[in-house]
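1. Sequence first, predicted coordinates after that:
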Amino acid sequence: MEDESIIDLYERHAESWVQARLREATLYEKSWLDRFCALLPPSGSVLDCGCGAGVPIAKYVVEQGFAITGIDSSSAMIRMFQSGLQGQRALVADMRKLDLSEAFHGILAWDSFFHLNHTDQRQMFSRFRAHAAPGTALMFTSGTDYGEAIGTLEGEPLYHASLDSDEYRRLLEEQGFAVISHETQDQSCGGRTVWLAQLL
């Protein structure tokens, strides 16, 4: 699946995707978000890569007292983000080409980074580093093993890819990030595989 197809899919189904999240009764990401936020300085800044409409991830982070800059390739998602999180910055941007010339105390790529192909994922780690302040926390979700998979969004195919755990660890280490916590298929978090790292 081409990257443009993924963007188009989220563009067309932005409203239904957000409504589905709003209907969910539990913020199952909370324990990981709390661990992430605990690594940030008071009133710190967070870059949310693939922020979607800001619900529920960015919304929760803002409620904890942090400033969010959200980026997403879907203009529909960004409009919804701006409407729901007024006072926070949101930009239509491709994370693979991101160059904001500023550093953040935290970087998130939750349920977004895994839509990139293997080559683009490898190249993202230097992008993360370029936007990281000393001690920055980085958290992202991945697959469990090297490979590609096709999920669905509103019945349409949706591309996912993953590197293996050893390669993720190596890529993080090369950019100066230490793994703080990593869990494969965390059942308390919808079966997600989560990485939490911090810049040394």
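-> Okay, I see it.

2. Residue 151 reaches residue 158, doesn't it?
-> Yes - the criterion here is CB atoms under 8 Å, and residue 151 meets it with residue 158 at 4.6 Å. Quick note: C-beta positions are derived from backbone N, CA and C, even for glycine.

3. between these two, who's got more neighbours?
-> Legend: neighbour count by other CB atoms under 10 Å for residue 151 and residue 158, higher for residue 158 (17 against 11).

4. Three-state assignment for the more buried one, please.
-> Classification of residue 158 using DSSP: H, G, I helix; E, B strand; the rest coil returns strand.

5. And for the one 10 residues further on?
-> In three-state terms, and counting by three-state DSSP, residue 168 is helix.

6. who does the helix or strand where residue 106 lies pair up with?
-> Taking DSSP states H and E as the definition, residue 106 sits inside strand 104-109. For strand 104-109, the paired strands and their directions (DSSP bridges) read strand 45-49 (parallel), strand 132-142 (parallel).

7. Tabulate the CA atom coordinates of the shortest one in CSV.
-> Taking Å, rounded to 0.1, in the frame of the first residue of the first chain, the C-alpha atoms of strand 45-49 are listed here in CSV:
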residue,chain,number,x,y,z
SER,A,45,6.7,20.2,25.5
VAL,A,46,5.6,17.1,23.6
LEU,A,47,5.7,16.4,19.9
ASP,A,48,3.0,14.0,18.8
CYS,A,49,3.8,12.4,15.5
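
8. hang on, the earlier thing: for the strand holding residue 106, the averaged confidence score.
-> Across strand 104-109, the average pLDDT comes to 98.

9. got the contact list for that strand?
-> 36-37, 39-41, 44-51, 57, 61, 66, 69, 95, 124, 128, 131-133, 135-141 (CB atoms under 8 Å, 6 or more residues apart in numbering).

10. lowest-confidence helix or strand of the protein?
-> helix 14-23 (a mean of 61; mean pLDDT, DSSP states H and E).

11. Show the subsequent helix or strand relative to that one.
-> helix 30-38.

12. packing partners for that following helix?
-> Contact partners of helix 30-38 among helices and strands, from 3 or more CB pairs under 8 Å, 6 or more residues apart in numbering; DSSP states H and E: helix 57-63, strand 104-109, strand 132-142, strand 177-186, strand 192-199.

13. give me the low-pLDDT residue ranges for the chain?
-> For the chain, applying pLDDT under 70 flags the ranges 1-10, 13-14, 16-25.

14. which residue lies farthest from the center of it?
-> residue 155 (22.8 Å; CA atoms, centre = their mean).

15. if I look at that residue, how far off is residue 12?
-> For residue 155, the distance to residue 12 (CB to CB, to the nearest Å) stands at 12 Å.

16. Please work out how many residues are found near residue 119.
-> 10.

17. Give me whichever of the helices and strands packed on helix 30-38 is most buried.
-> strand 104-109 (a mean of 25; mean count of other CB atoms under 10 Å).

18. immediately after it, which helix or strand?
-> Next element after strand 104-109 (DSSP H and E): helix 118-130.
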